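# coordinates only, sequence not included:
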């Protein structure tokens, strides 16, 4: 919900480090009114994608088992790497952002809900995925197994890391949830490297 044209209120671990770089970009961007969005952002795309891809993981497994066609196990990857790029090209480039001065008009709950719900879904995918492959379907074919691993990795590593990145910039419980999500994909060190390294030394 943050505007790219205005400095967000100081909060979290690296706000003071990011403030300088952010404020330097304000003068350039705000001169172009095409960067200002009048309509408030909606959480709908996030609320759709969050359950969609995990659903596709096991829909693909179900179809692979019932039809005998192992390629169904890769449906999550097919959808992720085909549909969004096509929609992106059709939609065109959009640099507009909702002004931070109108941020109070937004309801932050659905945006916060998506971030924390992703932590629950990521945990489910990792642990249930291991149970599914070793206990429920120990004799699944190699093609199905690889599809399950890659699809789970896409959800927890692709989507999960993106959502976790937002959380690790917060202090307290939210930051720990973000670190947990990163640890699920063996990337827990990113919490320290990104906040204390990247934002301190790069931008």
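Right, received. Where do you want to start? It should be emphasised that the depicted structure is a prediction, and the values quoted were computed from it without experimental measurement. Residues are numbered from 1 along each chain as shown.
# and the lowest mean pLDDT element among the helices and strands of this protein?
Counting by mean pLDDT, DSSP states H and E, the chain has its least confident helix or strand at helix 15-29, which shows a mean of 44.
# immediately after it, which helix or strand?
helix 44-67 (DSSP states H and E).
# report all helices and strands that the helix or strand following that following helix contacts.
The helix or strand immediately downstream of helix 44-67 is helix 75-91, counting by DSSP H and E. Secondary-structure packing of helix 75-91 (3 or more Cβ pairs under 8 Å, 6 or more residues apart in numbering; DSSP states H and E): helix 44-67, helix 142-153. Placement of C-beta: from N, CA and C, glycine included.
# go again with 6 Å.
With contacts defined as 3 or more Cβ pairs under 6 Å, 6 or more residues apart in numbering; DSSP states H and E, the packing partners of helix 75-91 are helix 44-67.
# for residue 167, which non-adjacent residue is closest in space?
residue 178 (2.9 Å; Cβ to Cβ, 6 or more residues apart in numbering).
# residues touching the nearest residue to residue 121 once chain neighbours are set aside, list them.
Closest residue to residue 121 apart from its sequence neighbours, by Cβ to Cβ, 6+ apart: residue 54 at 5.4 Å. Residue 54 makes contact with 121, 125, 155 under the criterion Cβ atoms under 6 Å, 6 or more residues apart in numbering.
# helix or strand for the second one, which one?
Think residue 125. helix 109-131.
# run the chain-centre distance for that helix.
Relative to its parent chain, helix 109-131 has a centroid offset of 11 Å by Cα atoms, centre = their mean, to the nearest Å.
# list the buried ones in it?
Using 16 or more other Cβ atoms under 10 Å as the burial criterion, the residues of helix 109-131 that qualify are 111, 112, 114, 115, 117, 118, 119, 121, 122, 125, 126, 129.
# how big is the angle separating that helix from helix 44-67?
Angle, helix 109-131 to helix 44-67, by axes from the mean of the first three to the mean of the last three Cα atoms, to 10 degrees: 20 degrees.
# low-scoring stretches of this structure, by residue?
For the chain, applying pLDDT under 70 flags the ranges 1-34.
# let's see that with 90 instead.
Along the chain, the model assigns pLDDT under 90 to residues 1-50, 84, 87-88, 91-108, 111, 158-159, 170-171, 192, 195-203.
# residues contacting the closest residue to residue 190 other than its chain neighbours?
Among residues not flanking residue 190 along the chain, residue 182 sits closest, at 5.3 Å (Cβ to Cβ, 6+ apart). When contacts are counted by Cβ under 6 Å, 6+ apart, residue 182 touches 164, 188, 190, 191.
# list the buried residues in the helix or strand harbouring residue 182.
Here residue 182 sits within helix 173-184, counting by DSSP H and E. For helix 173-184, a neighbour-count test (16+ other Cβ under 10 Å) marks 174, 175, 177, 178, 179, 180, 181, 182, 184 as buried.
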